[in-house]
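A.B. asks: After the sequence you'll find the predicted model.
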Amino acid sequence: MLDRRSFVRAAAASAAWASLGSAAHAQTRPASQLALSAPRPFTFDLLTEEAQALAAAPYAGSGSLPRDVLERIDYEQHGKIKFATDAALFAKGPGAFPVTFFHLGRFFQFPVQMHVLERNGGDIFSREIVYDPAIFDMPADSPARALPQGAGFAGFRFQESRLGDQKKLDWRNNDWVAFLGASYFRAIGELYQYGLSARGIAIDAAVPGRDEEFPNFTRFYFDPPADGGDTVVVHALLDGPSITGAYKFVMQRGKAVVMDIEKRLFLRKDVARLGIAPLTSMYWYSETAKPTAIDWRPEVHDSDGLALWTGSGERVWRPLNNPAATTTSAFADRQPKGFGLLQRDRNFDHYLDGVYYDRRPSLWVEPVGDWGEGEVQLLEIPTDDEIHDNTVAFWVPKAQAKAGDRYTVRYRLHWTDREPYPSPLAQCVATRLGRGGQPGQPRPPGIRKFMVEFLGGPLSSLPFGTKPEAVLSATKGTFSYVFTEAVPNGVAGHWRAQFDYTPDGSDPVDLRLYLKLGDQTLSETWIFQLRSFAG
C-alpha cells in the first residue's frame, strides 16, 4: 500500500493549494523592489552539468531554516501573508506576464531559490532574487518576520497579462500557472479553473516496502519574455535522495495552457518505480458508484477517467475508481501517442457545487520523440473526502532504473477542456452500475449490471433501424443480457450498451467493451476494473 505519511503529506499540500486559490491578492501600498544578487554565468547545459555533479554526491537535504518558525506559519498565518504585487518580477515588462511568489510556511518548508536571467551580448547570466519580508504584506506580529534575510521562497506563479483588459481580468488578482511544493505545478485550462496537478517526477509511488520520495525543485530561472508574446520560459533544478535533474519549461498562455518540457535526469540510487510525466488528481465518487447519502452532491471529482492513445492507434477510456485499497493498473505500450487524466463530464447539474468541478481542466501528456517500451501506470488510492489527491498516472520505462542512469525526456502538456487530438470514434460519456437480473424477478447475488454510454463519431450517422454490436471480453467470468439501444433523449449518436456480468471467483477483473458495425469500429475501447462482487 501507499505509505501513509506520503498520503498525509499530499493531503496537507492539497488543502494548502485550495486555500491559496487562483488569485494573487492585489496590494496598493508601496512595495520594495526586488533585491538581486551578483550575476553568474548560466546556460541550460551548465545547469545540466550541475545536476549531474549533484547526482554523484550525497543528498544534502533541505537546508537549515528554523523549523520552529516554519511550523508556526500554519494554515491561518500563511493565509495572512500576501505578496506585494507592485514588486512582481516583470510587473512593468518585459513581456505580458508578471511573476509573484509564495511564502514559506508549515506546509511548504523547503526553501526555493528564484533567479532572473540577463543577457549581455551573447552571454547569459543569472541573478538570485533575494527574499525580503518587505515584498510581502504580513501582520506586524507574523511569525514569518523571524525568518532570516534571503530565506528563499516556497514557489511562484505567473499572473495573467498585464496588457489585457484589466476590468475583465486584472493581472493582480488572476494567475494562470503555479509551481508550489516539492515538484508540483498546475495550470488553468480553457475554462479558467485550477484542478489537477502535474509533477516533475514520481519516485517509488505505492511501491511495497518503500517510502515514496518527493524530490524538490530547488531553483528556478526566469527568462525575460519577449514583448507581445504569449510564451514564457523557466528553467529548474531538481534534487532528491534518489535523483537530480535539469528542467526547461516553455509555457504558452493561449486559449488553453500548453507546456513543452525537457528534462535531463540523473539517478543517485536505484528506483523501483520511476514515474515520468506524472499527473495527480482527485476522484471521490461519480455517477458510476456512490455510497448512499455520503454527500449531498451527485459527483465529486477533478477527473473522471484515464484516456490512452496507444502506439498502435487504439483509443482507450478507463473510468476512475475509489478503491477499498491502493491499486495499480498497468497498460503496456511502445511509443505511446499520449495519455491523460480527463474531466469529461461538463454538466454543472451533475455536481451542483460552487467550486466548479465542471470546469476543472483535463491534462494530456503528448510524448515528443521515441519513449520506447514501458507502461502507463494508474495508481488509485482510497479516500473519504475531496481534499485528498488520490489518483496518479505516469509513464514507467520498461528497463529498470539503476543508480548512474541518465534520461533525457521531452513531452508536451495540454491543460484544456478535452483531449487536444480528439478521436474520430464515439467517446464513452457515462458508466453506470446496478444489480444484475431482470425487473420483477429475484436479483441474483454477485451479478452486476452495466450501462455504458457512448456519444458521437460514427454513431451519429448510423442508418435508421441499425444497431451497433457490443463487443465484450473479460479476464474472467461471463456475460448475459447483452444489447445496445439508442438513449431515448433525442440526441443523435447517443447510444448505450447494457449487459450483466457474472464473476468467476473473487479476484479483480478487467472488463473491455467497444461498439462495432460489421468490420467497422465505432467507439473507443472502454476498460473497467471491477473489484467488488457483493449483490
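C.D. replies: Arrived safely.
A.B. asks: Run through the helices of the stretch 251-400 of the chain in chain order.
C.D. replies: For the stretch 251-400 of the chain, no helices are identified by DSSP state H, counting those that start in this stretch.
A.B. asks: low pLDDT regions in it?
C.D. replies: The stretch 251-400 of the chain contains no residues with pLDDT under 70.
A.B. asks: how about the strands in it?
C.D. replies: Along the stretch 251-400 of the chain, the segments classed as strands by DSSP state E, counting those that start in this stretch run 257-267, 274-281, 283-285, 300-301, 305-309, 315-319, 327-334, 338-342, 362-368, 373-380, 391-397.
A.B. asks: buried residues in the helix or strand containing residue 157?
C.D. replies: Using DSSP states H and E, residue 157 falls within strand 155-159. Under the neighbour-count criterion of 16 or more other Cβ atoms under 10 Å, strand 155-159 has 155-159 buried. The C-beta positions use only the backbone N, C-alpha and C, and glycine is treated the same way.
A.B. asks: If we only consider these, which is nearest to residue 421?
C.D. replies: residue 158 (25.7 Å; Cβ to Cβ).
A.B. asks: that older thread, so can I have TSV of the strands of the stretch 251-400 of the chain showing distance to residue 523 and mean neighbour count?
C.D. replies: As requested, the strands of the stretch 251-400 of the chain are exported to TSV (distance: least, Cβ to Cβ, whole Å; neighbours: other Cβ atoms under 10 Å):
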stretch	distance to residue 523	mean neighbour count
strand 257-267	28	20
strand 274-281	24	24
strand 283-285	23	23
strand 300-301	22	22
strand 305-309	13	23
strand 315-319	9	23
strand 327-334	18	16
strand 338-342	16	25
strand 362-368	19	23
strand 373-380	20	21
strand 391-397	22	24
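A.B. asks: Nearest approach to residue 457 belongs to which of those strands?
C.D. replies: Taking the strands of the stretch 251-400 of the chain one by one with Cβ to Cβ, strand 315-319 is closest: 9.9 Å.
A.B. asks: helices or strands next to the closest one in the packing?
C.D. replies: Identification of packing neighbours for strand 315-319 by 3 or more Cβ pairs under 8 Å, 6 or more residues apart in numbering; DSSP states H and E yields strand 305-309, strand 327-334, strand 427-435, strand 525-530.
A.B. asks: Would you give the sheet partners of it, along with the direction of each?
C.D. replies: Note on strand 315-319: by DSSP bridges, its sheet partners are strand 305-309 (antiparallel), strand 525-530 (parallel).
A.B. asks: Distance to residue 251 added to the ones you listed, as a markdown table?
C.D. replies: Shown next, in a markdown table, are those (distance: least, Cβ to Cβ, whole Å):
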| stretch | distance to residue 251 |
| --- | --- |
| strand 305-309 | 22 |
| strand 525-530 | 32 |
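A.B. asks: I'd like to know how many residues surround the closest residue to residue 148 other than its chain neighbours.
C.D. replies: Closest residue to residue 148 apart from its sequence neighbours, by Cβ to Cβ, 6 or more residues apart in numbering: residue 65 at 7.7 Å. Here the count is done by other Cβ atoms under 10 Å, and residue 65 has 15 residues near it.
A.B. asks: Does residue 65 touch residue 153 like I think?
C.D. replies: No - using Cβ atoms under 8 Å, residue 65 is not in contact with residue 153, being 11.7 Å away.
A.B. asks: any shared contact partners between the two?
C.D. replies: 104, 111 (Cβ atoms under 8 Å, 6 or more residues apart in numbering).
A.B. asks: Give me the contacts around stretch 507-516.
C.D. replies: Contact with stretch 507-516 is made by 327, 329, 426, 450, 452, 454, 459, 468-477, 484, 495, 497, 499, 501, 503, 521-531, as judged by Cβ under 8 Å, 6+ apart.
A.B. asks: Among the residues you listed, the buried ones, what's the ChimeraX command?
C.D. replies: Buried residues among the contacts of stretch 507-516 (16+ other Cβ under 10 Å), as a ChimeraX selection:
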select :327,329,426,450,452,454,459,468,470,471,472,474,476,477,484,495,497,499,501,503,521,522,523,524,525,526,527,528,529,530
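A.B. asks: Let's see the pLDDT reported for residue 2.
C.D. replies: Here, the pLDDT recorded for residue 2 equals 38.
A.B. asks: got the CA coordinates for the helix or strand containing residue 515 in PDB?
C.D. replies: Take DSSP H and E as the rule and residue 515 turns out to sit in strand 509-517. What follows is strand 509-517, C-alpha atoms only, in PDB (Å, rounded to 0.1, in the frame of the first residue of the first chain):
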ATOM      1  CA  VAL A 509     -11.300  -8.500 -13.200                       C
ATOM      2  CA  ASP A 510     -10.900  -6.100 -16.100                       C
ATOM      3  CA  LEU A 511     -13.800  -5.700 -18.500                       C
ATOM      4  CA  ARG A 512     -13.500  -4.500 -22.000                       C
ATOM      5  CA  LEU A 513     -16.100  -3.200 -24.400                       C
ATOM      6  CA  TYR A 514     -16.400  -1.400 -27.700                       C
ATOM      7  CA  LEU A 515     -19.100  -0.900 -30.300                       C
ATOM      8  CA  LYS A 516     -18.800  -2.100 -33.900                       C
ATOM      9  CA  LEU A 517     -20.900  -2.500 -37.100                       C
END
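A.B. asks: Now the element after it, going C-ward?
C.D. replies: Counting by DSSP H and E, the next helix or strand C-terminal to strand 509-517 is strand 520-521.
A.B. asks: pLDDT (mean, whole number) over that following strand?
C.D. replies: Regarding strand 520-521, the rounded mean pLDDT is 98.
A.B. asks: quick one: contacts for residue 50?
C.D. replies: Residue 50 sits next to 237, 246 when contact means Cβ under 8 Å, 6+ apart.
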